[in-house]
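>>> kindly generate the corresponding structure for this input.
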Amino acid sequence: KDEEAVLKLVNDIREGRNKSSSTTAFWIADYLVHRREDADGGFFFSVKNKSVRTAGAEDFTRVRKSWHLGSGVLQLRVTGQEYNQNVLAHWDFHAVPGVTEEWRRDVFPQKGGASIAMPGGNLLSGQLSDGEYGMSYYHHKPIPDYNSAVAQKSYFLYGRFATAFGDGIKRTRQGDGQAIVTTIDQSKMEEPIHFSIAGKTGTFEQGEHHDKQIELKAPSWLYHNHKGYLIVPFPEQHLLVKSGDKINVTDLERKGQRGAFPLIETFALALDHGVKPEQGQKDAYHYVLVANAELSEMDDLLRKYLAEVDVASEQGRYHMFHSKTEKLTQISALEPGEIRLADKRTVSVSVSALVMFAEKDDHYMVTVSDPSHDIALKQLTVDLPIAVKSGSYGYMAQGIYPYEAESAEVTPLEHGSRIVVEL
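Numbering: from 1, shown residues only. Predicted coordinates:
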């Protein structure tokens, strides 16, 4: 019976009949998936981190490419072909979507194989999901001398949106002397890129080999092939746009294999933090990826996002996201203490934690995890400004053999609820 079900699944996938909609935190692998397949069209968001417990993806070709493939990678697939092998053959692997690092122009270290990129030097890295919404936190703290930057990075995923927020970006090594950037996307240029930057509209046309640095004086958007990009800039921040011959392709050997990898035009979008991000106000970023976007709705998407979403932070302490429409709050708490929400209410945590709570029709969905994965930690306490039904709650660990895992005790407070998670 199980074999028949597996074979049916394989055939359905091959024939394009299998549909899967879920938000899943693969916490052991430091990987988060937020995907939908329905009548409105499908999409697939993913976030990949690394830490002292995990490493990034490996590669096995002669030219090293996978150096940054665990450094907070955020990708959005709508067509499914955005990052196929032909696109990757034309990629600059110094500018991986979601990653904050120096945009170097030299070759990656070759000796030692893929493992020389090493696991992360960071203790904190975590994913969280309630099946509908997801979030991830990553402390970019690489070990190798080849890396140049550190950063605090959070990802908030809901509906067809992914909000990426980061701060505390600093240069730690001289590196190649290039600017540190956060890459928004890098993919095949299927059509002109449309934009509205600080109210000025236009296009970046195909075949023109762009190398632009554009000051972002106000919230802006870009659009390409059913993917929307919303940018909420910080002062002195610039958008970098490269395409065609301006992309410094990492693996020229693969690019030259015209039979296997036909020549194509690619583009890269990135936020420029400068050579020394800590000077001025270039040490943070805030952008949004939108799946199944249409060009005609981009103005409205930006307007609604600015009106309906609050993002706040205190550097080194927390990142907070709140959607009025979704009635959703997500928090990356980097240390114990109190977090003030946009409506002046507060959340407090006893240790570093990822916290998410969403208001449903007749209840709240509360989800909590420990991004340090501390096996010695026995309790995690969260005080929330919402009235959660008091009582004891159990959690069934998922997998082939589900079992009773952590439990939580909820007690009332004067202005909310206390949740004590027994780990």
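
>>> please name the bridge partners of the residue nearest to the spatial centre of the chain.
Among the residues of the chain, the one closest to the centroid is L74, at 3.9 Å (Cα atoms, centre = their mean). Per DSSP bridges, the residues bridged to L74 are V47.

>>> tell me how far it lies from G207.
Computed as Cβ to Cβ, to the nearest Å, the L74 to G207 distance reads 28 Å. (C-beta placed from N, C-alpha, C; glycine too.)

>>> which residues in the stretch 251-400 of the chain form strands?
Assigned by DSSP state E, counting those that start in this stretch, the strands in the stretch 251-400 of the chain fall at 266-272, 285-291, 309-314, 318-323, 328-333, 337-340, 346-349, 353-359, 364-369, 379-384, 391-397.

>>> most neighbours per residue, which of the ones you listed?
The highest average neighbour count among the strands of the stretch 251-400 of the chain, using mean count of other Cβ atoms under 10 Å, belongs to strand 328-333 at a mean of 26.

>>> point out where the protein drops to low pLDDT.
By pLDDT under 70, the weakly predicted segments of the chain are 1, 39-40, 255-259, 279-280.

>>> do a quick rundown of the helices in it.
Along the chain, counting by DSSP state H, helices occupy 2-14, 85-88, 252-255, 298-308.

>>> in a markdown table, list those along with mean neighbour count.
Shown next, in a markdown table, are those (neighbours: other Cβ atoms under 10 Å):
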| stretch | mean neighbour count |
| --- | --- |
| helix 2-14 | 10 |
| helix 85-88 | 15 |
| helix 252-255 | 15 |
| helix 298-308 | 15 |
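
>>> L128 is nearest to which of those helices?
Set against L128 and scored by Cβ to Cβ, the helices of the chain come closest in helix 298-308, at 21.5 Å.

>>> return the list of helices and strands in contact with the closest one.
When contacts are defined as 3 or more Cβ pairs under 8 Å, 6 or more residues apart in numbering; DSSP states H and E, helix 298-308 sits against strand 193-197, strand 220-224, strand 227-231.

>>> identify each buried residue in the last one, please.
Buried residues in strand 227-231, counted by 16 or more other Cβ atoms under 10 Å: 227-231.

>>> so how many other residues sit close to R173?
14 (other Cβ atoms under 10 Å).

>>> please renumber so the chain begins at 65
From this message on, residue numbering opens at 65, which makes the last subject R237.

>>> how about it, what does it touch?
Going by Cβ atoms under 8 Å, 6 or more residues apart in numbering, R237 touches 209, 211-212.

>>> strands of the stretch 165-314 of the chain, residue ranges please.
For the stretch 165-314 of the chain, the strands defined by DSSP E, counting those that start in this stretch cover 189-193, 198-204, 213-222, 225-235, 244-252, 257-261, 264-268, 275-279, 284-288, 291-295, 302-307.

>>> paired strands for the last one, with orientation please.
Translated: strand 302-307. Strand 302-307 is paired, per DSSP bridges, with strand 275-279 (antiparallel), strand 330-336 (antiparallel).

>>> isn't Q139 up against Y147?
Yes: Q139 is within contact range of Y147, at 6.3 Å (criterion: Cβ atoms under 8 Å).

>>> dump the strands paired with strand 302-307 into JSON lines; add distance to A371 as well.
Below are the strands paired with strand 302-307 laid out as JSON lines (distance: least, Cβ to Cβ, whole Å):
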{"stretch": "strand 275-279", "distance to A371": "24"}
{"stretch": "strand 330-336", "distance to A371": "23"}
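
>>> quick one: which of those strands is nearest S115?
When those are compared by Cβ to Cβ, strand 330-336 sits nearest S115, at 23.9 Å.

>>> sorry, back to before: can you tell me which of the strands of the stretch 165-314 of the chain is most buried?
Stretch with highest mean neighbour count among the strands of the stretch 165-314 of the chain: strand 198-204 (a mean of 29; mean count of other Cβ under 10 Å).

>>> tell me what that one is packed against?
For strand 198-204, the elements it packs on are strand 86-90, strand 95-100, strand 189-193, strand 213-222, strand 392-397, strand 417-423, judged by 3+ Cβ pairs under 8 Å, 6+ apart.

>>> can you lay out those strands as TSV showing distance to A461?
Below are the helices and strands packed on strand 198-204 laid out as TSV (distance: least, Cβ to Cβ, whole Å):
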stretch	distance to A461
strand 86-90	12
strand 95-100	17
strand 189-193	14
strand 213-222	22
strand 392-397	22
strand 417-423	17
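
>>> among the strands of the stretch 165-314 of the chain, which comes closest to G455?
Closest approach to G455 among the strands of the stretch 165-314 of the chain is made by strand 189-193 (22.1 Å; Cβ to Cβ).

>>> sorry, back to before: D426: which of the strands of the stretch 165-314 of the chain is closest?
strand 213-222 (20.2 Å).

>>> got the angle for the closest one vs strand 95-100?
Interaxial angle, strand 213-222 versus strand 95-100 (axes from the mean of the first three to the mean of the last three Cα atoms, to 10 degrees): 30 degrees.

>>> restrict strand 213-222 to CA atoms and write it as PDB.
Provided in PDB are the C-alpha atoms of strand 213-222 (Å, rounded to 0.1, in the frame of the first residue of the first chain):
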ATOM      1  CA  ALA A 213      30.900  41.000   6.300                       C
ATOM      2  CA  VAL A 214      28.700  40.200   9.300                       C
ATOM      3  CA  ALA A 215      25.000  40.900   9.500                       C
ATOM      4  CA  GLN A 216      21.800  40.200  11.400                       C
ATOM      5  CA  LYS A 217      19.100  38.900   8.900                       C
ATOM      6  CA  SER A 218      15.400  38.000   9.200                       C
ATOM      7  CA  TYR A 219      12.900  36.700   6.700                       C
ATOM      8  CA  PHE A 220       9.100  36.900   7.100                       C
ATOM      9  CA  LEU A 221       7.000  34.800   4.700                       C
ATOM     10  CA  TYR A 222       3.200  35.100   4.300                       C
END
